[in-house]
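Novice: requesting a structural model of the entry that follows:
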Amino acid sequence: MTERTNQLKTGMSSATKELFSTKNLVMIAFLSALAYVLMLIHLPFKFIGFLELEFSDVPAVVGGIFYGPAVGVVIELIKNLIKAVTATTTGCVGEFANFVIGSAFVIPACMLFRKLKGKKRAFVSFGAATVSMVLVGALVNYFIMIPLYATMFGGMGTVVAVSSKMVPAIKDLATVVLFGITPFNFVKGIVLGVVSYYIHKPLRNRI
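Specialist: Predicted coordinates:
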């Protein structure tokens, strides 16, 4: 038992040293910086007032595929910390939401993609990640994020009014989540999966 334990410790130590090699740390820093820059790029449209599709989770997914899901979460954390310090427009509420919901996608996507084999691994990995992001996004937004937004930006009535301009079926907090947040995260998960997959493919032998 002791010999087996020592072997496990040695293996973990070697894996840690390899992960935090100079080359890998430089690449992780690069992916974090790229994620931050992508977070600052705004498309010319928003969904229900405060949701917008952006691609800052892609470097985290790519990093997690190559180095492990923990690295993907670190990239998510770094980009959001930098954004919160330098360019937040939501009192850090948006950055916290981005970190939690982005990590909910990154962790299952990278764990499954690294573990599974075969032609269906991308579909299964990113499909499970999308479901995870939708569920976590619904819970976090219902109980934490939207109430915080409401407190900071004019009350729940304002949030509902702004959201209902795009989706008339929205009447209250529950319908903001059901008809606004949930379909947005579903579409975002599909887009992230497709983009991440086709970006990681040419990098397989270069990172």
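Novice: quick check, pLDDT for the residue nearest to M145 when sequence neighbours are not counted.
Specialist: Using CB to CB, 6 or more residues apart in numbering and skipping the chain neighbours, the partner closest in space to M145 is A97 (4.7 Å). Heads up, the C-betas are built off the backbone N, CA and C, glycines and all. As predicted, A97 sits at a pLDDT of 93.
Novice: what's around A97, how many residues?
Specialist: When neighbours are counted by other CB atoms under 10 Å, A97 registers 23.
Novice: check N80 too.
Specialist: 25.
Novice: does it touch F96 like I think?
Specialist: Yes: in terms of CB atoms under 8 Å, N80 counts as a neighbour of F96; the distance is 7.4 Å.
Novice: secondary structure element for the residue nearest to M145?
Specialist: Remark: A97 resides in helix 93-115, with elements defined by DSSP states H and E.
Novice: what residues of that helix count as buried?
Specialist: Across helix 93-115, burial judged by 16 or more other CB atoms under 10 Å covers 93-113.
Novice: go on, stretch 169-179?
Specialist: For stretch 169-179, using 16+ other CB under 10 Å, the buried residues are I170, L173, T175, V176, V177, L178, F179.
Novice: kindly report the same for stretch 23-37.
Specialist: N24, M27, I28, L31, S32, L34, A35, Y36.
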